[in-house]
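[1] Predicted model, plus sequence, below.
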Amino acid sequence: MPSALLPDPPQTVPERSGYTRTSSHGEVMDFLRAVGEVHDRRVHITRFGSTPEGREQPLVIISDPPVSTPEEARALGRPIVFVMANIHAGEVEGKEVCLQLLREAVWGPAPWPLDGVVVLLAPIYNADGNDRFGPKNRPLQQGPSQTGKRESSRGLDLNRDGMKLENLEARNLARLFSEWDPHVFVDLHTTNGSAHGYELTYAPPLSPSTHAELQAAVENEWLPALRARVRERHGFETFDYGNFLSDGPEWFQDAPDAVNGWRTFDHRPRFGTNAFGLRNRISILSEAYAYADFQTRIAATRAFVVEILRYASEQGRRVPELCARADAETASAGGSGELRQHVKAELVSRGDEELLVRGFEKGKDPATGEEWRVAAGPRTKVTVPMFLKFRAAEEVAAPRAYVLGPELAGVAALLRAHGVMVEDLPTGFTGELGLFRLESATRSATPFQGHNERSATWQLAAARVVAPPNSFRVSMRQPLARLIFQLIDPRADDGCLTWNFYDRWLDSGPGTELPLWIEQ
């Protein structure tokens, strides 16, 4: 339909409210319905799941020519880019940006080439948390006055569920990953940490077990190009996500005058972008800056996403080809026992670089009286070590396959939920296998996300194993071999062992054999 014949485009809640409010789930759905009534064939509005409280998790597919299924998207041979917002429902900029981009794609001018990339938008992932509005859900953030809560309706952090898939929302997301298999994942957040001088910070996947060529492409090509384009085309400063290392007792503190380093977050795949990187795909974390005003945060996030979509479109077939190459190499190495995987990681410096720092003033939300921080004053530069990357402190050769006893049927189900191919062994399995015999185990004293995290050491021995009927076999000759190792191998640092799947055997004491065997 020619733009002159279209009805007036819908406005987002921040636009209607002078950037004092963010949208409820109902208002997001109203916006999507208004766009749907235009019947633009390039836009397909569907859902990828529902929350425990029954709220829809919408999915918007934008493509020219139009597609509505993963098969149609793959047939185009273009990059498939998945942009997700609102995993933490107090971090709301991405939600509003997704709606803006959808509107611009329909009413024009389209901010990226619609015929160059297939775009999937999930504007409100944590839909239950989004509607738990309150004035204290995002302390110190410069507006809006009320936001949703960080956690899901179960009180759990969805961005710590990248492996165990304990939440319904996370299982819905894993199914989307398996069905659509996007080449690029963009996860939109907001940070309220140290007082730096950037409107937005970003990060690649941080696991040292990520495919090396993919990791290099994100770190050395994508992110530097995006940083330059966002500055030159939109006027925003961006940099690698982190917080200050300072002379104080805590590294996570606002002390611009005592900065002696900059540190990224965590390599473990409980975090969504790290887990997605283990799928041999491009993964990018976006963190708008909470001490900038709400309108600026939206604009900076929009600029970053637009440039990702433009860059992906320019890369064209090189993106799916890179991912396919990583898949093939991972499956080949996994099947031959040559896939190296970290079991311990250490943070390393990228060297000394310039960092922009900027102080803040304390202010008050005029609607609630709650204190917030306002980025203020000139940006200054300090040259400090940049601790932005992890490397393997210890690594092992992953096995060619795993055999799981029937007692680990829940682990087999978890693997399948991630899209891993699992073979049923109804008559069992007999053969020479490696087995894990427990040496020692520890349990964290403080619960985290409802779990007392575990760690253990093992003696690995070879033996003739008789796995009983209804066991399972998981070949590593498949693209998700990296994810498989980090998920189920008891030597990994953030998988099933960490999250209590193996407690029955850990609690039985030293000498206990785990019903998980390996083909070496």
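    Alright, I've got the coordinates. Numbers count the residues shown, from 1 in each chain.
[2] Would you report the backbone torsion angles of the residue of the chain most remote from its centre?
    Going by Cα atoms, centre = their mean, the residue of the chain most distant from its centre is residue 464, 40.5 Å out. Main-chain dihedrals, residue 464, degrees, to the nearest 10: phi -80, psi 120.
[3] show me the contacts for it.
    The contact partners of residue 464, taken as Cβ atoms under 8 Å, 6 or more residues apart in numbering, are 430, 431, 432, 433. For glycine as for every other residue, the C-beta is placed from the backbone atoms N, C-alpha and C.
[4] can you check residue 12 too?
    By Cβ under 8 Å, 6+ apart, the contact list for residue 12 reads 23, 31, 96, 99, 100.
[5] ok, now residue 292?
    Contacts for residue 292 were tallied using Cβ under 8 Å, 6+ apart; they are 142, 199, 300, 375.
[6] Please confirm that residue 491 is located within a helix.
    No. Looking at residue 491 with DSSP: H, G, I helix; E, B strand; the rest coil, it is coil, so not inside a helix.
[7] ok, it touching residue 395?
    No. Counting by Cβ atoms under 8 Å, residue 491 does not reach residue 395; the two are 9.8 Å apart.
[8] which residues are common contacts for those two?
    Shared contacts of residue 491 and residue 395 (Cβ under 8 Å, 6+ apart): residue 343.
[9] Hmm, which of the contacts of residue 292 is lowest in pLDDT?
    The lowest pLDDT within the contacts of residue 292 belongs to residue 375, with 94.
[10] So it sits against residue 289, correct?
    Yes. With contact defined as Cβ under 8 Å, residue 375 reaches residue 289; the gap is 6.9 Å.
[11] For those two, indicate the residue with more neighbours.
    Using other Cβ atoms under 10 Å, the more surrounded residue of residue 375 and residue 289 is residue 289, with 29 against 21.
[12] and the more buried one, what does it touch?
    Neighbours of residue 289 in contact, by Cβ under 8 Å, 6+ apart: 190, 191, 196, 198, 199, 200, 201, 297, 300, 375.
[13] Please tell me how far it sits from residue 358.
    10 Å (Cβ to Cβ, to the nearest Å).
[14] so what's in contact with these two at the same time?
    The contact sets of residue 289 and residue 358 overlap at 196, 375 (Cβ under 8 Å, 6+ apart).
[15] Direction included, what does the lowest-mean-pLDDT helix or strand in the chain pair up with?
    Least confident helix or strand of the chain, by mean pLDDT, DSSP states H and E, is strand 243-246 with a mean of 86. Within its sheet, and counting by DSSP bridges, strand 243-246 is paired with strand 259-263 (antiparallel).
[16] Check the offset of the strand it pairs with from the chain's centre.
    Offset of strand 259-263 from its chain centre (Cα atoms, centre = their mean, to the nearest Å): 24 Å.
[17] residue ranges of the helices in the stretch 301-450 of the chain, please?
    318-336, 409-417 (DSSP state H, counting those that start in this stretch).
[18] so where is the stretch 101-250 of the chain shaky, pLDDT-wise?
    247-250 (pLDDT under 70).
[19] And for residue 296, the neighbour number?
    Residues near residue 296, counting by other Cβ under 10 Å: 19.
[20] Leaving out the residues flanking it, which one is nearest to it?
    In space, and not counting its chain neighbours, residue 296 is closest to residue 199: 6.2 Å by Cβ to Cβ, 6 or more residues apart in numbering.
[21] Likewise for residue 158?
    Leaving aside its chain neighbours, residue 158 sits nearest to residue 87 (5.0 Å; criterion: Cβ to Cβ, 6+ apart).
[22] Quick one: residues contacting the one you found.
    Each residue near residue 87 by Cβ under 8 Å, 6+ apart is listed here: 125, 126, 158, 159, 187, 189, 272.
[23] Try it again at 7 Å.
    125, 126, 158, 159, 187, 272 (Cβ atoms under 7 Å, 6 or more residues apart in numbering).
[24] One more: residue 230?
    236, 238, 303, 304, 307.
[25] so what's the backbone phi/psi at the closest residue in space to residue 330 that isn't next to it in sequence?
    In space, and not counting its chain neighbours, residue 330 is closest to residue 481: 5.2 Å by Cβ to Cβ, 6+ apart. Main-chain dihedrals, residue 481, degrees, to the nearest 10: phi -60, psi -40.
[26] so what's residue 481 scoring on pLDDT?
    Among the per-residue scores, residue 481 holds a pLDDT of 98.
[27] Neighbours of it, how many?
    Under the neighbour criterion other Cβ under 10 Å, residue 481 is assigned a count of 28.
[28] now residue 76
    Neighbours of residue 76 under the rule other Cβ under 10 Å: 18.
[29] cool, and residue 318?
    Neighbourhood size, residue 318 [other Cβ under 10 Å]: 12.
[30] got the domain boundaries for the chain?
    3-242+265-344, 398-519 (automatic domain parsing).
[31] what's the burial count for residue 234?
    Count around residue 234 with other Cβ under 10 Å applied: 16.
[32] ok, it touching residue 303?
    Yes. With contact defined as Cβ atoms under 7 Å, residue 234 reaches residue 303; the gap is 3.7 Å.
[33] Give the residues shared as contacts by these two.
    Here residue 234 and residue 303 share no contacting residue, scored by Cβ under 7 Å, 6+ apart.
[34] Distance check, residue 423 against residue 26.
    Going from residue 423 to residue 26 by Cβ to Cβ gives 45 Å.
[35] Oops, could you answer that again for residue 187 instead?
    Distance of residue 187 to residue 26, computed by Cβ to Cβ: 24 Å.
[36] Please say which of the two ends up with more neighbours.
    residue 187 (23 against 10).
[37] and that one, that's in a strand?
    Yes. Counting by three-state DSSP, residue 187 is located in a strand.
[38] just checking, the residue nearest to residue 296 touches residue 239?
    No. In terms of Cβ under 7 Å, residue 199 does not count as a neighbour of residue 239; the distance is 9.8 Å.
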